[in-house]
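Peer 1: Fold the following, please.
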Amino acid sequence: MSSDLTRQIDRNQLEVMGKIWSVDAVAKNASTSLYGNCTALSESPKKEGMIYVGTDDGLIHVTEDGGATWNKYEKFPSVPDRTFISRILTSQHDAYTIYASFDNHKMADFNPYILKSIDAGKTWISIKGNLPANGPVLAIAEDHINPNLLFVGTEFGLFFTVDGGQKWIQLKGGLPTIAVRDIAIQKRENDLVLATFGRGFYVLDDYTPLRTLKSDMLQKDAVTFPVEDAMMYMLAYPLGGSKKATQGESFYTASNPAFGATFTYYLKDALKTKKEIRQESEKETEKKKQPVRYPTFDELRAEDEEEAPTIILTATDGDGNIIRKLTGSNSKGINRTTWDLCYPLPYLATPPPPGSDYEPESGPMVMPGKYTMTLYKKANGVVIPLGESQSFTAFVRGQENMVPEDRKLLVGFQQKAARLQRAFSGASQMANEVKNRIGLLKRAIQETPSQVDKLIADALNLETRINEIIRNFRGDQTLRSRNENSPPSIGDRVSKAVGDMSTSTSKPTQTVQDAYDIANPEFTTELQKLRTLVEVDLKNLEQAAEAAGAPWTSGRVPEWKGE
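Peer 2: Next up, the predicted model:
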């Protein structure tokens, strides 16, 4: 469809290291491509037959008729002649708009060259803006919605611009300093995909907040961006865990996008502690060659006792009720926090250890509907809103074919079961603590140098009662440890009611309803026994032990009136 579009230069007539080399030179032309190649090509998605071609010897040819005729361009502003053309990209918005990047590193020139033409190559302007001087441009991408949102990959990273190239901002977020050789945009999900030198792939999930970013926003203390509607579904773990599970380190996995609603926000500066503010002030003072003021001990004490400022996000439902609070990232620049569309746990859970395949525990999932995320900063005990609240819809695919009342019954049961789980979890932990307190109290009474036979008997009675409560809570360990049948405990029934419905999208089954209906009155009875034991009988025994001069034990305040 064309003749030779290059300059037809004989590479053997080109000087290398200041001279033309003999045909017998060691490794002559080894590991090098033939000179005079077409190295970049792009066909316009707006006009059939309009094709742009770039060469390794610095030419760009354009055809508007599928190759019947070609226009050649060989001079480009601020670009040295015969510079390798690394990439050509035709605009998705206009047939006559084109972007081209040039790579001249083989001539020891590491400047970024990226040009734009809006008349099919007749005239060009540089859009390199403030790109770092050391870093040739290797790849270009243009947003399919906002023509001023561009991405470039350079020898040392990824950059984006929201104003067509006047100002570029580096995108990091876990991306190492590496050559970005190719960029693709997944339009349906609005994901930015990078291919890096060394066969690496990186994905930035949902970059849509960048479309609404404007230069003046970066001068504000905080900016919040629109939240994409969030699809609700039950996560699957086919390997038995969320990562490699039991597959071993040789099994390759990569992270999926975070599940839920992702909230994106910009912080002009990170929130700083008193100590950080003081240290920054001292650095500035030292730069000015001025003496540094030594802080007072009251100031240092305030630093030591300060609660670090934090970023907080709240999720509210359609009625304005706060249903979840999250701690967000406190870093300068663009941050992201994802809400998993679940209510909070009814108890304090231990976070999984770093590197674990286990995901953090969460409560039951919320109902589909409209929700609002709001950003706050908390400093010195004061909570202040930041930016604007952002609303979104949580939805289930095919929910139009579902029975809404079933979903309401499910969520209502999950919340009811979670409240029972909260009370049971707290009572169970308290029973353990009480058992330890009684054990220490027994020992202290036995070591009391006075007549305490009645106190010893009372302590044994309390120990028997707490053992019975724990047995009813968690089951008969005497039978279980010997592989004998034992009736379901309250804890078994609570776990059944909560666990079986935690990954369900249907209304509660009769089995879980029965488990709840049995556990509820049984737990109510045992909780009252525990409350009486702790608030009355144990308290009385501890007071008697204190009066008898028993060694101090945890749970009671020592008596002292001064001497």
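Peer 1: Let me know whether His149 touches Thr212 as I believe.
Peer 2: If you look again at residue 149, you'll see it is Leu, not His. No. Leu149 lies out of contact with Thr212 (C-beta atoms under 8 Å); the separation is 9.6 Å. All C-beta atoms are positioned from the backbone trio N, CA, C, and that covers glycine.
Peer 1: Who has more neighbours out of those two?
Peer 2: Neighbour comparison, Leu149 and Thr212: the larger count goes to Leu149, with 21 against 14 (by other C-beta atoms under 10 Å).
Peer 1: And the nearest residue to that one once chain neighbours are set aside, how far from Lys116?
Peer 2: Sequence neighbours aside, Asp143 is the residue nearest to Leu149 in space, at 3.8 Å (criterion: C-beta to C-beta, 6 or more residues apart in numbering). As judged by C-beta to C-beta, to the nearest Å, Asp143 and Lys116 stand 15 Å apart.
Peer 1: same thing with Asp500?
Peer 2: 60 Å.
Peer 1: Okay, buried residues for the longest strand along the chain please.
Peer 2: In the chain, assigned by DSSP state E, the strand with the most residues is strand 382-395. Within strand 382-395, the residues that qualify as buried are Leu386, Gly387, Gln390, Phe392, Ala394, counting by 16 or more other C-beta atoms under 10 Å.
Peer 1: tell me which of these is nearest to Leu462?
Peer 2: Leu462 has its nearest neighbour among the buried residues of strand 382-395 in Ala394, at 49.1 Å by C-beta to C-beta.
Peer 1: what's the spacing between the closest one and Asn190?
Peer 2: Counting by C-beta to C-beta, the gap from Ala394 to Asn190 is 18 Å.
Peer 1: next one: Gln421
Peer 2: Relative to Asn190, Gln421 is positioned 38 Å away (C-beta to C-beta).
Peer 1: Comparing those two, which residue is more hemmed in?
Peer 2: Gln421 (22 against 19).
Peer 1: what about the more buried one, which SS state?
Peer 2: helix (DSSP: H, G, I helix; E, B strand; the rest coil).
Peer 1: Gly320: what secondary structure?
Peer 2: What three-state DSSP gives for Gly320 is coil.
Peer 1: What segments of this structure are helices?
Peer 2: 274-287, 297-305, 404-446, 453-474, 477-480, 490-502, 510-532, 539-547 (DSSP state H).
Peer 1: quick one: pLDDT of the residue nearest to Gln247 when sequence neighbours are not counted?
Peer 2: Excluding the flanking residues, the one nearest Gln247 by C-beta to C-beta, 6+ apart is Leu239, at 5.9 Å. Per-residue confidence (pLDDT) for Leu239: 82.
Peer 1: ok, the nearest residue to Glu43 once chain neighbours are set aside - how many residues close by?
Peer 2: Nearest residue to Glu43 in three dimensions, chain neighbours excluded: Ile51, at 4.9 Å (C-beta to C-beta, 6+ apart). Counted with other C-beta under 10 Å, residues neighbouring Ile51 total 22.
Peer 1: cool, and the one 3 residues further on?
Peer 2: When neighbours are defined as other C-beta under 10 Å, Gly54 has 25 of them.
Peer 1: was I right about it contacting Val62?
Peer 2: No. The criterion here is C-beta under 8 Å, and Gly54 misses it with Val62 at 10.3 Å.
Peer 1: which residues are common contacts for the two?
Peer 2: By C-beta atoms under 8 Å, 6 or more residues apart in numbering, Gly54 and Val62 have no common neighbours.
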